[in-house]
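Q: Turn this into a structure:
(one chain, ligands or ions: 1)
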Amino acid sequence: MMNNVTVIGAGLAGCEAAWQLANNGIKVKLIEMKPLKKTAAHKSDFFAELVCSNSLKASRIDSAAGLLKEEMRRLGSVCLSVTDECSVAAGGALAVDRDIFSKLITEKIKSHPNITVINDVVEKLPVDTVTVVATGPLTDTKLAEDIALLCKSENLSFFDAAAPIVTAESIDMNVAFKASRYGKGTDDYINCPFDKDEYTAFHNELISAESAPLKDFDKPVTVYEGCMPIEILAKRGDDSIRFGPLKPVGLRDPRTDKRPWAVVQLRKENAEGSLYNLVGFQTNLKFPEQKRVFSMIPGLENAEFVRFGVMHRNTFINSPKLLNSDLSLKCNNNIFFAGQLSGVEGYMESAASGIIAGINAAARLCGKEPLILPKYTMIGALLSYICDETVENFQPMGANFGILPPLEEKIRDKRERYMALAERSLEWF
Ligand SMILES: Cc1cc2nc3c(=O)[nH]c(=O)nc-3n(C[C@H](O)[C@H](O)[C@H](O)COP(=O)(O)OP(=O)(O)OC[C@H]3O[C@@H](n4cnc5c(N)ncnc54)[C@H](O)[C@@H]3O)c2cc1C
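A: Numbers count the residues shown, from 1 in each chain. Below is the predicted model:
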C-alpha cells in the first residue's frame, strides 16, 4: 500500500487537503512553486493567499456563504481555524487581514509532523502516487498542458479581476463617511458619495477610459460575474453600476442627511485599517487611467493607490465529464482535483472542496468508503453540481441556496426558508 499522498499547490484547497490527510495519519508531500515562481496574482510567499478581496463573505448560517463556512468548521477546516486571530470588521461578513491569515495557515501546515513541504514547479502529474491537484485558476502552464493532455479536454480560460487598494490616510474624510449599509456592523466601510452630476461625469470617463491590451492567449471564454470589470459593467447602461456596486441603498450622507445618488464603498484591507480596497472595482483599465478616473470619485481626489486593479487568466476542468463524485478522475482514480481548478468558484468553495478531496484521498489509500456529503448540505450540493454528468456547458459554481433540494414543507419567507435549509444541513453534521 502506498503510504503517502502528494498534494500539488499550497493554496486554499491544497492546504485543506493536506491538513485532512495529515490529520488522518497519512504522510503528505505538499509541493508548492512559490516563492520559486509566482502567478500574476500571487504576491506573498505564504500559503493560502487571498489574491483579490479579503472577504470570506457572509457569516450568518442562513446565508449560503455562512452555511458553507459552518459546514467547513465542522469538518475541521484549517482556513477557518485561524480566522478568530485575523478577522477585520466588515459588517455581517467575515473579512480577514490577508497577511496574518496566510501566515497563520502556513505556520500550521509547515509545523504538522505529517506534512513535508517541497518547493518545486510541477510540470507533470505524478502517475505512481495518490495525488490531489489543487493548483488553482492560475495553474502553471506546463502542468495545465499535462492536465489537458490526460483529461482529453480543452483547457478553458476566462478572466477574473482584482480591485485597486488605496491608503486610508489619503481618503478625504471631509467628503467620505464611515457607515455600514442599513447601520449593520460598526461603521465598517468608508463611503464615497456622488451627487447626480458627479456620477454622470464619472460614468462618462469610466466608459471611455483606455483598457490594457489583452494577449491572444488571455482572450476570455467566460467572465466570472462577481469579478466583472467595473468599466464593462458601466458600459451596460447609465445606471448599471448605480444599481450594482455603487448602489446607495441603506446609506445616508451625514453632510446632507440624504441618500446619495450613488456610493463607492471602501472596505478595510488590513487589520490596522491603513489600507482600503474599492469594493466591486475589479478592472482592466490601464494604470494611469485608473488613477485619472478613480480620482474623480468624491473623497478619492488625492487618493494614493498602493495597488491598481489587474485581470488574470482562470483555468478549470470540465468536471461533470471528468470527475467521480469523490473528486477523483474517472480516467485515473488515484488523481483527485480540488479548488477552483475543479470547477468550484470562490475562496471558501475552493477550500471546502480541498477538505473533501483530502478526506477522500485518505479513504482511497486506506481502502475506506469515500465521503459523499448529502445534496441537502451546502458542500454536498456544490460538489454534486460540479460532478453532475447531466450538466451541459459547465461553468464554475459557487455556494448558493438554489443548488440545494427544496424543503418538503413550503416556507414563503426567504429568511425563514434559508434558516430551515441551514438547519436541515447542520443536523447531518
Ligand atoms: C485574480 C483572481 C481574483 C479572485 N478573486 C476572488 C475573490 O475576490 N473572492 C473569491 O471568493 N474568489 C476569488 N477568486 C477565485 C478563487 O476563489 C481563488 O482563485 C482561490 O484562491 C482558489 O483557490 P485554489 O486553492 O483553487 O487556488 P490558489 O489559491 O490559487 O492556490 C493554488 C496554488 O498552487 C500553486 N501552483 C500553481 N501551479 C503550480 C505548479 N505547477 N506547481 C506547484 N505549485 C503550483 C500556486 O502558486 C498557488 O499557491 C479569484 C481568482 C483570481 C484568479
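Q: So residue 321: helix, strand or coil?
A: For residue 321, the secondary structure call by DSSP: H, G, I helix; E, B strand; the rest coil comes out as helix.
Q: was I right about it contacting residue 388?
A: No: under the criterion of Cβ atoms under 8 Å, residue 321 lies out of contact with residue 388, with a separation of 10.3 Å. C-beta: built from backbone N, CA, C; applies to glycine.
Q: what residue ranges in the stretch 101-250 of the chain score low on pLDDT?
A: Across the stretch 101-250 of the chain, the stretches falling below the confidence threshold (pLDDT under 70) are 153-162, 214-227.
Q: Tell me which residue of it lies closest to the ligand.
A: The nearest approach of the stretch 101-250 of the chain to the ligand comes at residue 136, 2.4 Å away (Cβ to the nearest ligand atom).
Q: all helices for this structure, in order.
A: Using DSSP state H, the helices found in the chain span residues 12-23, 64-74, 98-111, 141-151, 196-208, 230-234, 287-294, 319-322, 347-366, 378-386, 414-428.
Q: I'd like to know which of the ones you listed lies nearest to residue 372.
A: Using Cβ to Cβ as the criterion, the shortest distance between residue 372 and these is 7.3 Å, found for helix 378-386.
Q: my read: residue 165 touches residue 309, true?
A: No: with contacts defined as Cβ under 8 Å, residue 165 does not count as touching residue 309, sitting 9.0 Å away.
Q: Can you tell me which of the helices of the chain is packed in deepest?
A: Between these, the one whose residues have the most neighbours on average, counting mean count of other Cβ atoms under 10 Å, is helix 12-23 (a mean of 30).
Q: how near is residue 27 to residue 15?
A: Relative to residue 15, residue 27 is positioned 16 Å away (criterion: Cβ to Cβ, to the nearest Å).
Q: Neighbour count: residue 165 and residue 309, which is higher?
A: Using other Cβ atoms under 10 Å as the criterion, residue 165 and residue 309 rank with residue 309 on top: 25 against 22.
Q: Could you list the residues of the stretch 51-200 of the chain in contact with the ligand?
A: Among all residues of the stretch 51-200 of the chain, those adjacent to the ligand (criterion: Cβ under 6 Å from any ligand atom) are 51-53, 121-122, 134-140, 143, 160, 162.
Q: Name the member of these with the most neighbours.
A: Most neighbours among these, by other Cβ under 10 Å: residue 134, with 33 neighbours.
Q: how about that one, what does it touch?
A: 7-9, 11, 13-14, 17, 337-339, 341, 350, 354, 357 (Cβ atoms under 8 Å, 6 or more residues apart in numbering).
Q: 10 Å instead, please
A: If a contact means Cβ atoms under 10 Å, 6 or more residues apart in numbering, then residue 134 has 7-18, 30, 32, 336-342, 350-351, 353-354, 357-358 as its contacts.
Q: Now do the nearest residue to residue 142 once chain neighbours are set aside against residue 146, distance only.
A: With Cβ to Cβ, 6 or more residues apart in numbering as the criterion, residue 142 has its nearest non-adjacent residue at 4.0 Å, and that residue is residue 123. The gap separating residue 123 from residue 146 is 7 Å, by Cβ to Cβ.
Q: doesn't residue 33 make contact with residue 120?
A: Yes: checked against Cβ atoms under 10 Å, the pair residue 120 and residue 33 is within contact range at 6.6 Å.
Q: So for those two, which sits in the more crowded spot?
A: When neighbours are counted by other Cβ under 10 Å, residue 33 comes out ahead of the other of residue 120 and residue 33, with 20 against 11.
Q: so the more buried one sits right up against residue 47, yeah?
A: No: under the contact definition of Cβ under 10 Å, residue 33 does not touch residue 47, with a separation of 11.5 Å.
Q: Residues of the stretch 301-429 of the chain that sit close to the ligand?
A: Where the stretch 301-429 of the chain comes near the ligand, counting by Cβ under 6 Å from any ligand atom, the residues are 312, 314, 339-341, 346-347, 350.
Q: Show me whatever sits in contact with both of residue 321 and residue 388.
A: Taking Cβ under 10 Å, 6+ apart as the contact criterion, the residues that touch both residue 321 and residue 388 are residue 394.
Q: wait, what's in contact with the residue of the stretch 101-250 of the chain closest to the ligand?
A: Residues touching residue 136, when contacts are defined by Cβ under 10 Å, 6+ apart, comprise 9, 11-14, 39, 41-42, 49, 51, 314-316, 338-341, 350.
Q: go on, residue 362?
A: Residue 362 touches 5, 17, 20-26, 28, 130, 368, 370-371, counting by Cβ under 10 Å, 6+ apart.
Q: how close does residue 394 sit to residue 151?
A: The value you get for residue 394 to residue 151, if Cβ to Cβ is used, is 13 Å.
Q: Find residues that contact each of these two.
A: A shared contact of residue 394 and residue 151, defined by Cβ under 10 Å, 6+ apart, is any residue touching both; here these are 317-319, 321-322.
Q: Where do the strands of the stretch 101-250 of the chain begin and end?
A: Residue ranges of the strands in the stretch 101-250 of the chain, as given by DSSP state E, counting those that start in this stretch, are 115-119, 130-133, 156-162, 165-167, 177-179, 189-194.
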